[in-house]
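Visitor: attaching a predicted model along with its sequence, questions to come.
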Amino acid sequence: MSDYQILVCDDEPEIRAAMRRTLHRFQVTAVESMEQALAELRERRYQAVVSDFNLGVQQGDGLELLQLVRVLYPETTRLLVTGNTDIQVAIRALNEGAVHRFFLKPWDDEQLVMALQIALRRSGSMAAVMPPTP
């Protein structure tokens with residue numbers, strides 16, 4: 001297991017559990033709201049935040065959370081996942097620089113982990129988590 005801290009924000013308990021399984025090689029903290037995510041970020045340094053786009057009726061959206069993370073913690077890698085297939089959400093997220101990558105649910109576990117590793121390496125947040133392949 002890696003020492004790198006990853007914060008997952010999703011309002012659905014089963015998605016938080018699935019993210020924990022997918023990202024098992026990292027230290028994962030999972031929360032259900034934007035408010036909880038921001039509180040966690042004030043308390044601990046996270047190398048990445050992975051957020052769902054739709055965080056529930058009164059919580060705002062994950063893109064809003066990741067935009068705040070970009071401003072407050074610019075060194076933090078940001079990934080957005082969503083069940084919403086609206087391509088405009090993805091374009092907006094990427095164009096505004098709020099996210100490094102965008103994934104549709106259900107995500108591919110290997111692609112998500114690989115994208116996270118690449119984004120973290122590019123941001124200088126981590127050394128390679130996996131040994132080089134021959």
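Guide: Structure received. Numbering: from 1, shown residues only.

Visitor: only C-alpha atoms from now on, for both contacts and neighbour counts.
Guide: Noted.

Visitor: and the helices in this protein?
Guide: Here the chain has its helices, by DSSP state H, at 13-22, 34-43, 62-72, 87-95, 109-123.

Visitor: what's the most buried one of these?
Guide: Most buried of these, by mean neighbour count (mean count of other Cα atoms under 10 Å): helix 62-72, with a mean of 19.

Visitor: determine how far the helix or strand of the chain with the lowest mean pLDDT lies from the middle of the whole chain.
Guide: Within the chain, no helix or strand scores below helix 87-95, which has a mean of 76 by mean pLDDT, DSSP states H and E. Computed by Cα atoms, centre = their mean, to the nearest Å, the separation of helix 87-95 from the middle of its chain amounts to 15 Å.

Visitor: likewise stretch 18-27?
Guide: 11 Å.

Visitor: which residues are in contact with the least confident helix or strand of the chain?
Guide: 63, 99-102 (Cα atoms under 8 Å, 6 or more residues apart in numbering).

Visitor: in JSON lines: those, plus pLDDT.
Guide: Listed next are these as JSON lines, based on pLDDT from 0 to 100:
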{"residue": "63", "pLDDT": "88"}
{"residue": "99", "pLDDT": "89"}
{"residue": "100", "pLDDT": "89"}
{"residue": "101", "pLDDT": "89"}
{"residue": "102", "pLDDT": "88"}
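
Visitor: mind checking pLDDT for the nearest residue to residue 45 once chain neighbours are set aside?
Guide: Nearest-residue entry for residue 45: residue 5, 7.3 Å, with adjacent residues in sequence omitted and distances by Cα to Cα, 6 or more residues apart in numbering. With respect to pLDDT, residue 5 scores 95.

Visitor: do residue 45 as well
Guide: Residue 45 is assigned a pLDDT of 93 by the prediction.
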